[in-house]
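A.B. asks: No letters, just coordinates:
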């Protein structure tokens, strides 16, 4: 599908590439996948000599020639792999010549504006149940299953509330882990729980940045050192916040 025939058309192609890359990067896509997707889309529409530089906070995309380089700033990041999958599917259709430029841009905008996240109630229920299951997986006893469910669920609720009012994610994670530590200690003190460490370990697992750690390693292995190190640093700060919140609780005893 060769469509690049003028400056105006080139700008539209670049906009489609940047929109696809922005959606993927904001929702948990790896750096190398973002660059590969943008390059494939550009080549499908006739731009074969493109260059991109992707970091967790921005995308720089340029085309050989006199066309200006464009930058997209990434200010918010979350995890929604469904959107990443949808963009991958649209990229394959574009590569196969099934979508023209206008239709591709319309569908990408639709994906960008869609709210595909699970309802908050389901997220809380999943965090609670997974906390109990992690407690059992880490050799905890069944008497600690329900305390871990309650602790993990309330801790995740605290994280959602704090993150809504506090823009710094580090603070929200610290306060959520503090709540988890206090609730776990309360269960042990009342005799409803048996092993404090197992309850805490299972309850903090929904807060652990597993996707960040995975993407950091994959980006480093793919040679994207800047993105890999920055994602690794972000994962380290999250882990430090969780550990610090629990450590503050332990300092009381």
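C.D. replies: Happy to help now that I have it. Here the structure is a predicted model, which is why all the values come from computation and not from measurement. Residues are numbered from 1 along each chain as shown.

A.B. asks: Show me the shaky parts of the stretch 101-250 of the chain.
C.D. replies: Judged by pLDDT under 70, the stretch 101-250 of the chain has no weakly predicted residues.

A.B. asks: Name the residues of the longest helix anywhere in the chain that are buried.
C.D. replies: Across the chain, the longest stretch assigned as helix under DSSP state H is helix 225-251. Neighbour counts over helix 225-251 (16 or more other Cβ atoms under 10 Å) mark 227-228, 230-232, 234-235, 238-239, 241-242, 245-246, 249 as buried. Placement of C-beta: from N, CA and C, glycine included.

A.B. asks: Out of these, the closest to residue 185 would be?
C.D. replies: residue 249 (6.2 Å; Cβ to Cβ).

A.B. asks: show me the contacts for that closest one.
C.D. replies: Counting by Cβ atoms under 8 Å, 6 or more residues apart in numbering, residue 249 touches 178, 181, 182, 185.

A.B. asks: Surely residue 60 and residue 73 touch.
C.D. replies: No - at 10.4 Å, residue 60 does not count as touching residue 73 under the criterion of Cβ atoms under 8 Å.

A.B. asks: In terms of neighbours, single out the busier of these two.
C.D. replies: residue 60 (14 against 8; other Cβ atoms under 10 Å).

A.B. asks: returning to what we had before: which ones among the contacts of residue 249 are found in helices?
C.D. replies: Per DSSP H, the contacts of residue 249 map to helices at 178, 181, 182, 185.

A.B. asks: List the contacts of the closest residue to residue 117 other than its chain neighbours.
C.D. replies: Excluding the flanking residues, the one nearest residue 117 by Cβ to Cβ, 6 or more residues apart in numbering is residue 80, at 6.1 Å. Residue 80 makes contact with 27, 28, 116, 117 under the criterion Cβ under 8 Å, 6+ apart.
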